[in-house]
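>>> Predicted coordinates and the sequence they were generated for:
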Amino acid sequence: MAESASGTSRVIIVMPTYNERQNLEIMAGRIREAVPDADLLVVDDNSPDGTGDLADKLAETDRHVQVMHRTEKAGLGRAYVAGFSWALERGYDVVVEMDADGSHRPEDLPRLLTALDDGADAVIGSRYVPGGTVVNWPKSREFLSRGANIYNRLMLGIGVRDATGGFRVYRAATLQKIDLNNVQSAGYCFQIDMTLRVLQSGLKLVEVPITFVERERGSSKMSNAVIREAFFRVAQWGVAARLRGRSAASVRR
């Protein structure tokens, strides 16, 4: 039984992986120290570096670790949807999403869980609210990230400062209300898509400051195709909302 900071909810962390063998064991250990009762679901997209095999070995020695093996690299969003659905089917109350590369610090997770306990329906670990920081990130990446979030706010009419942030906590009821079956975004645009769906459902979304740290091992999965998907989908959502005379956050899908 995994529990939240309040000691009443079963918590699972969904962590997609693709070639993260160098980071996975370290992250699993840090998670165990930060939230000892939470479970970890590793969703591996057939990593050629053996990440899935390592995840299986961790699961053999730690009852809190579960592994989902997928046969192809189908995108971050689809990996999360698969992991979220797995968690909902097994009755978890709280579902966390975080990266395996160390950029999301497990040590920040108790504060995100506390925000959920305090009444939020979903929580974003935010780099860009007061108190949030970015450490060792290339200036070009930080510029791209900040620019993307400004673009999101302007196009979608939302006040969220870090809609692209991927360190999040959801109530199970929130994910059930969103209807995961209709989420089509494959790349990092998935984060923006989920942000909109929470707001459109009239749910309470809270941003909690975190320290975001550039990965020390392995390589980023960001690509031009991922950036293009986010740019055009946000434009599509924004234009469609304006044609209705409303902000994207208020448009029911």
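Okay, I see it. For clarity, every value in this text was computed on a predicted model and none was experimentally measured.
>>> Contacts for the helix or strand containing residue 116 next, please.
Taking DSSP states H and E as the criterion, residue 116 maps to helix 109-117. Identification of contacts with helix 109-117 by Cβ atoms under 8 Å, 6 or more residues apart in numbering yields 4-6, 11, 13, 31, 34-35, 38, 94, 96, 98, 122-123, 125, 167-169, 171, 206, 208, 210. C-beta here means a position set from N, CA and C on the backbone, and glycine is covered the same way.
>>> what inclination does whatever helix or strand comes next after that helix have with respect to helix 109-117?
Where DSSP H and E defines the elements, the next helix or strand beyond helix 109-117 is strand 122-126. Per axes from the mean of the first three to the mean of the last three Cα atoms, to 10 degrees, the angle that strand 122-126 makes with helix 109-117 is 140 degrees.
>>> The helix holding residue 116 - what's its average pLDDT?
Average pLDDT, helix 109-117: 97.
>>> cool, and stretch 10-23?
Confidence over stretch 10-23 (mean pLDDT, whole number) is 96.
>>> Residue 160 versus residue 13, what's the distance?
The span separating residue 13 from residue 160 equals 22 Å under the rule Cβ to Cβ, to the nearest Å.
>>> swap in residue 172?
Using Cβ to Cβ, one gets 22 Å for the distance from residue 172 to residue 160.
>>> Among those two, which residue is more densely surrounded?
For residue 172 versus residue 160, the count of surrounding residues by other Cβ atoms under 10 Å is larger for residue 160: 24 against 18.
>>> doesn't residue 198 make contact with the more buried one?
No. Here residue 160 does not reach residue 198: they are 9.4 Å apart, not a contact under Cβ atoms under 8 Å.
>>> Return the per-residue confidence for the residue nearest to residue 167 when sequence neighbours are not counted.
Counting by Cβ to Cβ, 6 or more residues apart in numbering, the nearest residue to residue 167 once its immediate chain neighbours are dropped is residue 125, at 3.4 Å. The confidence metric pLDDT takes the value 98 at residue 125.
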